[in-house]
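Participant: coords below, sequence missing:
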C-alpha cells in the first residue's frame, strides 16, 4: 500500500471549510480535477452513501463514504480506476492559529502486480500528488477569494 498526505492552511474557520467539503455535489466548484458529481443516495450524506465523480479528463470514479465525522474527517473508499486497484481518500481538518489546516490523505494499492511499486514511483505517486495539490489549492482559492464578499469600491 502506498501513502500520500498533503496539507494546506486555509484562512477560514473549520465550520466554513467543512461546509464546502461536505457539500458533496458541489465539489466541482472548487476541485479542478472534477467536472461534475452525482450524489446517488438520499439527501443526507452518511457512511455508505455513494457518489460518482466525473473527472475533468473524461473518466469517472465511484466513491463510497467510509468515514463521516462532521467538522473533522471525510473519507471515501474507491474501487479500481486506471492504475489504482483500490484507494481510501480522506480530508481531515485541524484548527490552526490562522484558520484551518486541511490534510488530504491517500492510501492506495497500485495495480500491475510485482511491477506496481515501480510504476508507483515512476508515475502514479506523481499523478496522485498533483491531484491532491490541485484539489487543496482549489479549495483554498474558493474559500479565501471566491466566497468572500467583495468590498464596494464606489
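Facilitator: Received, thanks. Fair warning: this is a prediction, and the values are worked out from it, not measured in the lab.

Participant: only C-alpha atoms for contact and neighbour calcs from this point on.
Facilitator: Noted.

Participant: Pull the number of nearby residues for residue 3.
Facilitator: 12 (other Cα atoms under 10 Å).

Participant: in the chain, which spans are strands?
Facilitator: Using DSSP state E, the strands found in the chain span residues 2-10, 34-39, 50-55, 60-69, 73-78, 84-96, 99-110.

Participant: Please identify the pairing partners of the second one and their relative orientation?
Facilitator: Within its sheet, and counting by DSSP bridges, strand 34-39 is paired with strand 50-55 (antiparallel).

Participant: The strand it pairs with to strand 73-78, inter-axis angle?
Facilitator: 80 degrees (axes from the mean of the first three to the mean of the last three Cα atoms, to 10 degrees).

Participant: contacts for strand 50-55?
Facilitator: 24, 33-41, 60-65 (Cα atoms under 8 Å, 6 or more residues apart in numbering).

Participant: Could I get the pLDDT score of residue 32?
Facilitator: Predicted confidence (pLDDT) for residue 32: 96.

Participant: Could you give the number of residues near it?
Facilitator: Residue 32 has 17 neighbours, counted by other Cα under 10 Å.

Participant: Would you check that it makes contact with residue 56?
Facilitator: Yes: under the criterion of Cα atoms under 8 Å, residue 32 makes contact with residue 56 at 7.1 Å.

Participant: what angle do the longest helix anywhere in the chain and strand 2-10 make?
Facilitator: Assignment by DSSP state H gives helix 125-141 as the longest helix of the chain. On the basis of the same axes, to 10 degrees, helix 125-141 is oriented at 20 degrees to strand 2-10.

Participant: which residues touch helix 125-141?
Facilitator: Contacts for helix 125-141 (Cα under 8 Å, 6+ apart): 4, 6-11, 20, 30-33, 102, 104.

Participant: Between strand 84-96 and it, find me the angle.
Facilitator: Using the same axes, to 10 degrees: helix 125-141 against strand 84-96 is 40 degrees.

Participant: what pairs with the nearest residue to residue 67 once chain neighbours are set aside across the strands?
Facilitator: Spatial nearest neighbour of residue 67, excluding adjacent residues (Cα to Cα, 6 or more residues apart in numbering): residue 75 at 4.8 Å. Beta bridges link residue 75 to residue 67, residue 90, judged by DSSP bridges.

Participant: Many thanks, we can stop here.
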